[in-house]
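Predicted coordinates and the sequence they were generated for:
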Amino acid sequence: MGNKRLFGRRKVMAGAAAATGLTIWSQRLSAQSGEVAVGAMVPITGPFNVSGQQYHFSLQMVQDEINAKGGVAGKKLKIVFEDVKDSNSVAVNAYLKVVRDIDPPLVFLSSYTTQNLATEPEVTKAQIPGMYAGGGDAMHLKKNPWLFRIRPHDGLQALALAKHATEGLGKKKIGIIYVQNDFGQPGAVAAEKVVKAAGADVVGMEAYAFTDNDMSAQLQKLKNAGADCLICISYGKDGALVLKLMKEMGIDLPVVISSGVMVPAARNLIAPDELAHVNGVMDAYLAPERGPDVAAYIKTFKERFKVDPDPFGSCYYDGAWIMKQVMDKVGTDRTKIRDELKLVKDYKGVTNVFTTDEVGNMVHSLAVFSIKPGTRDPVFIRTITA
């Protein structure tokens, strides 16, 4: 009786799939077809797609490259994407869906901390290794043994922003403006500590909501407080708006800004004259002169997708190659994958060198840039290491 019901359920599912044109994935079907299916939680649509587009593209590219080199664990790799938009609840439901539908040995999570914090309890329940790029320190403070961060954590970003404002630019009166959430607030607090430790003053700290369209009041307060430099901790679109408002308000101060604004997709939203006094950080110096592997990545990515690559995409590309190395060694057993990811040391990727620490952080440096006058082009200054 049980077998008949199971057969009937499979028959209904198959009929629905045929009618809608959908593919129904399961671990059993994936194994039968000689594939290993992993999940990818990506903001494909909505305001977060400024960075999401990059890893949506890079994961498609790396899937093809890995399969051209034999796949993973001797089988073809299939990356199943779910759109997490700009919503924590959508991100959680997308994770639950991919776990239910394909029972994956690994999942690539979002690059947004708020979404990852919402999803983290489900990762613990599922006990599936996850790679993610959200920078918030709150993630690694959970010490979840199943999670591995493939880009610098925000504490390191805050360190770099504050060190460059004080040591690099020599400024003594720092104003901090930040997005009010689990990304911006901890970063602002960490930056404040570094500024004070450097012997400089924080003359003000002003927050705004991610959905705000006007930060002029906050900017005016920091100017009136006597700031000689601003640190801006933001995402791409809101950071671009801060710079636009500064230009409109005649606030002619140097700005040291977080990585979300420095990536190509965000810089293209900003006029060159609005970038005139901007310095910022990115996860890495992604340029052809870094070596043939980096040059090949940039060339292939740009030819295929018609946009410039950035480190938000390349870190997932590197993460997928690390995944291949691990699965080729230990197979698709989740616990073995987790334990092997903990042992990653000095893996040289396109973006960075990856070494896993005790809380799952795999990247421990980032790069500081200025902007070439009259352009949107970044100019490398230095690397800052934790």
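Perfect, thanks for sending it. Numbers count the residues shown, from 1 in each chain.

can we go C-alpha only for contacts and neighbour counts from here?
Noted.

Assign a three-state SS to V189, would you?
Three-state secondary structure (criterion: DSSP: H, G, I helix; E, B strand; the rest coil) places V189 in helix.

swap that for T335, sorry
helix.

do you know how far it is from L341?
10 Å (Cα to Cα, to the nearest Å).

just so I have it, where are all the helices in the stretch 51-200 of the chain?
Along the stretch 51-200 of the chain, counting by DSSP state H, counting those that start in this stretch, helices occupy 88-102, 113-126, 137-141, 154-163, 184-197.

List of residues touching the fourth one?
To tie it back to what came earlier, the one meant is helix 154-163. Helix 154-163 is contacted from outside by 135-137, 183, 186-188, 190-192, 194-195, 198, 231, 256-258, 280-281, 364-366, 368, 384-386, using Cα atoms under 8 Å, 6 or more residues apart in numbering.

hmm, 7 Å instead?
135-137, 187, 190-191, 194-195, 231, 256-257, 384, 386 (Cα atoms under 7 Å, 6 or more residues apart in numbering).

Present those residues as TSV; the columns should include pLDDT and distance to V98.
Putting those into TSV (pLDDT from 0 to 100; distance: Cα to Cα, whole Å) gives the following:
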residue	pLDDT	distance to V98
G135	83	23
G136	82	24
D137	86	26
G187	90	31
A190	92	35
A191	96	37
V194	96	41
V195	97	43
I231	98	38
V256	98	38
I257	97	35
I384	91	37
A386	79	35
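
between the residues you listed, which is closest to A296?
Nearest to A296 among the contacts of helix 154-163: I384, at 25.2 Å, using Cα to Cα.

Comparing T335 and L341, which residue is more hemmed in?
L341 (24 against 15; other Cα atoms under 10 Å).

Alpha carbons of stretch 166-178, as CSV, please.
Output of stretch 166-178 as CSV, limited to C-alpha atoms (Å, rounded to 0.1, in the frame of the first residue of the first chain):
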residue,chain,number,x,y,z
THR,A,166,43.2,58.6,10.6
GLU,A,167,46.6,57.2,9.5
GLY,A,168,46.1,57.3,5.7
LEU,A,169,44.5,60.7,5.4
GLY,A,170,45.7,62.1,8.7
LYS,A,171,42.3,63.4,9.8
LYS,A,172,41.5,64.1,13.5
LYS,A,173,37.8,64.9,13.6
ILE,A,174,35.8,62.1,12.2
GLY,A,175,32.1,62.0,11.5
ILE,A,176,30.4,58.6,11.0
ILE,A,177,27.2,58.1,9.0
TYR,A,178,25.8,54.6,8.7
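
Now it: average pLDDT?
Per-region confidence: stretch 166-178 scores 97 on mean pLDDT.

Any buried residues in it, and which?
Going by neighbour count (16 or more other Cα atoms under 10 Å), the buried part of stretch 166-178 is 166, 171-178.

Same question for stretch 114-122.
114-120, 122.

Same check on stretch 49-66?
49-59, 61-63, 66.

for the nearest residue to Y285 once chain neighbours are set aside, phi and psi?
Closest residue in space to Y285, ignoring its immediate chain neighbours: A367 at 6.1 Å, by Cα to Cα, 6 or more residues apart in numbering. The phi/psi pair for A367 (degrees, to the nearest 10) reads phi -110, psi 150.

likewise D201?
Per degrees, to the nearest 10, the backbone of D201 is at phi -110, psi 150.

Check V278 too.
phi -100, psi 130.

That one - nearest residue in space that isn't next to it in sequence?
V255 (4.9 Å).

wait, what's in contact with the one you found?
V255 neighbours (Cα under 7 Å, 6+ apart): 229-232, 277-279.

Looking at these, which gets the smallest pLDDT?
Minimum confidence in those sits at H277, scoring 94.
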